[in-house]
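*Asks:* give me the fold of what follows.
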Amino acid sequence: MLNRRSVLIAAAGVLAASSTAAAPIALPSDMSLGSPDAKIEILEYASLSCPHCAHFNETIFPALKSKYIDTGKVRYTLKEMLTEPMQVAAAGFMMARCSGAQKYFTVVDQVFRSQSRWTQGNIKPIFLEIGIANGLDEAKFTACITDQTGFDAINERANRAAEQDGVTSTPTLFINGKRIETPTNPAELDEAIAAASKSLAISNKTPATKRKGH
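*Replies:* Numbers count the residues shown, from 1 in each chain. Sure thing, here's the model as predicted:
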């Protein structure tokens, strides 16, 4: 679909630097859901060609969205990564962005759910079907997934995630800047968010005033 250079993720150098790296944050170029005023911020580093990310999207993300994002408790940001086949992951993200901010996460969800239909040589028609369903005609779709500027931007975001944030596998989650084990079911998600809320409450707690001696 895209005859472009691959994204190099040098794990050894990244992990060596990650111990002193600042906590990752959402950037203006990232796509987010939920209230900007939410006390809990979740960053998910994911690739559209990653089966584990598709599983998270199907089994965990719906509960995250309905219970926490839609209720204003969590601000969620997707950090775009590229895993093999990288050209496919890049094309999916580019198509999502070309569909517009309001449809970005709809397209991401549909690409994840289409993974079971992928076979050699048939991915482009599937992506075209998704693009058309979300407002892109065939000409706009083709222009979108072959746009060098769009690819370079995703390439840069993926490299930044590896080099600055120390992320070398997907999906990887951070809650309020702390890397966590990726939940495997909604109950584990609840536990992780509850722990983050408790930690936040403790850090915000005003120290008790010492009583004066008599």
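*Asks:* quick one, phi psi at Met31?
*Replies:* When quoted as degrees, to the nearest 10, the phi and psi of Met31 stand at phi -100, psi 130.
*Asks:* in the chain, which spans are strands?
*Replies:* For the chain, the strands defined by DSSP state E cover 31-33, 40-46, 74-80, 172-175, 178-180.
*Asks:* now distance to Leu64, mean pLDDT and mean neighbour count too, for these, in JSON lines please.
*Replies:* Placement of C-beta: from N, CA and C, glycine included. Shown next, in JSON lines, are the strands of the chain (distance: least, CB to CB, whole Å; pLDDT from 0 to 100; neighbours: other CB atoms under 10 Å):
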{"stretch": "strand 31-33", "distance to Leu64": "9", "mean pLDDT": "98", "mean neighbour count": "18"}
{"stretch": "strand 40-46", "distance to Leu64": "7", "mean pLDDT": "98", "mean neighbour count": "23"}
{"stretch": "strand 74-80", "distance to Leu64": "7", "mean pLDDT": "98", "mean neighbour count": "22"}
{"stretch": "strand 172-175", "distance to Leu64": "10", "mean pLDDT": "97", "mean neighbour count": "22"}
{"stretch": "strand 178-180", "distance to Leu64": "13", "mean pLDDT": "95", "mean neighbour count": "16"}
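*Asks:* could I get those in JSON lines, plus columns for distance to Ile154?
*Replies:* Output for the strands of the chain, formatted as JSON lines (distance: least, CB to CB, whole Å):
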{"stretch": "strand 31-33", "distance to Ile154": "12"}
{"stretch": "strand 40-46", "distance to Ile154": "13"}
{"stretch": "strand 74-80", "distance to Ile154": "6"}
{"stretch": "strand 172-175", "distance to Ile154": "17"}
{"stretch": "strand 178-180", "distance to Ile154": "22"}
